[in-house]
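K.L.:
generate a structure from the sequence data that follows.
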Amino acid sequence: MRIAALLVSLVLFPASQLFAAPVLFLEFLNSDLTFGTGNPDQSGKDLSSFDVAGSEPGVDFWNSGYLAQAGALDHQTLNVNGAGDVIGSEYVYTGGVFELFFVLENNGAQTFGSWVAPILTLTITAGESDGQWASASYVLGPGLLDQPIATALGVGRHIQGGSAFSQLLLTDHGNRSGVAGDHSTPERQAWDGVTDITLEVPEPASVLLLTAGTGALWARRRSRRG
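P.N.:
Residues are numbered from 1 along each chain as shown. Got it, this is the predicted structure:
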């Protein structure tokens, strides 16, 4: 009866609830973004805030960073004012790869690892000139966290997915050669952006629950056959 109840709970509760996880939250202080009609790319560094289920891990993490290479431009939408002038635009990209790379240090010992996941969508909203804001919003798919990092943080390896959001400045004078441009510019640049990344990972206890439930069912069926 208990096994049946467990299986019912596994069926009725969606995975997002069953694997309600510790959440990894990371905030990077600096990033560079190149975008336009071609495939956009973004890189970030200076990890200033890192929380695991609301608590900062007991390791140094400053040298961690991220790289994102999005897929092709799906469509671009122009934003116009009442007079018909273009005041901004929105770019939507699909596909690509997002990588978080970790360098964790504890008492002089370093642990290296990464998390690589597909970019489901990237939406960039930008103004029309140097000094105006641009934002980048990612929807990320599931990925596998390297075991040394999962162990160091005390979380499961299977990250269900997540999101990332950057607020940047369009610039003609960024870290990389580029141009702020406007909606018609093939390649544009934004930089100096804070990026917040939120990831959801399954709790080890939830994974054990699922394993125990299916294992118990298999054992019971085998005993009946015997």
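
K.L.:
contacts for stretch 98-111, please.
P.N.:
26, 57-61, 63-68, 112-119, 138, 140, 146, 148-149, 152-153, 164, 197 (CB atoms under 8 Å, 6 or more residues apart in numbering). Where C-beta positions appear, they are placed from N, C-alpha and C, glycine not excepted.

K.L.:
restricting to C-alpha, output that stretch in PDB.
P.N.:
C-alpha atoms of stretch 98-111 as PDB (Å, rounded to 0.1, in the frame of the first residue of the first chain):
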ATOM      1  CA  PHE A  98      25.500  28.700 -22.400                       C
ATOM      2  CA  GLU A  99      28.500  27.700 -20.200                       C
ATOM      3  CA  LEU A 100      29.100  28.500 -16.600                       C
ATOM      4  CA  PHE A 101      32.700  27.700 -15.600                       C
ATOM      5  CA  PHE A 102      33.500  27.500 -11.900                       C
ATOM      6  CA  VAL A 103      36.800  28.000 -10.000                       C
ATOM      7  CA  LEU A 104      36.200  27.300  -6.300                       C
ATOM      8  CA  GLU A 105      39.000  27.700  -3.800                       C
ATOM      9  CA  ASN A 106      39.100  26.400  -0.200                       C
ATOM     10  CA  ASN A 107      42.300  26.700   1.900                       C
ATOM     11  CA  GLY A 108      44.400  26.900  -1.200                       C
ATOM     12  CA  ALA A 109      42.900  23.900  -2.900                       C
ATOM     13  CA  GLN A 110      41.000  24.700  -6.200                       C
ATOM     14  CA  THR A 111      38.100  22.800  -7.700                       C
END
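
K.L.:
just the buried members of the contacts of stretch 98-111?
P.N.:
The neighbour count (16 or more other CB atoms under 10 Å) marks 26, 57, 59-61, 64-66, 68, 113-115, 117-119, 138, 140, 146, 149, 152-153, 164, 197 as buried among these.

K.L.:
and the longest strand seen in the chain, how far out from the chain middle?
P.N.:
Longest strand in the chain by number of residues (criterion: DSSP state E): strand 109-126. With CA atoms, centre = their mean, to the nearest Å as the basis, strand 109-126 stands 5 Å off its chain's centre.

K.L.:
and the next element down the chain from it?
P.N.:
strand 133-140 (DSSP states H and E).

K.L.:
compute the inter-axis angle for that next one and strand 109-126.
P.N.:
120 degrees (axes from the mean of the first three to the mean of the last three CA atoms, to 10 degrees).

K.L.:
buried stuff in strand 133-140?
P.N.:
Within strand 133-140, judged by 16+ other CB under 10 Å, the buried ones are Ala134, Ser135, Ala136, Tyr138, Val139, Leu140.

K.L.:
note down every partner strand of the next helix or strand after that strand and its orientation.
P.N.:
Note on strand 133-140: by DSSP H and E, the next helix or strand toward the C-terminus is strand 143-145. Strand 143-145 sits in its sheet next to strand 109-126 (antiparallel), strand 158-159 (antiparallel), going by DSSP bridges.
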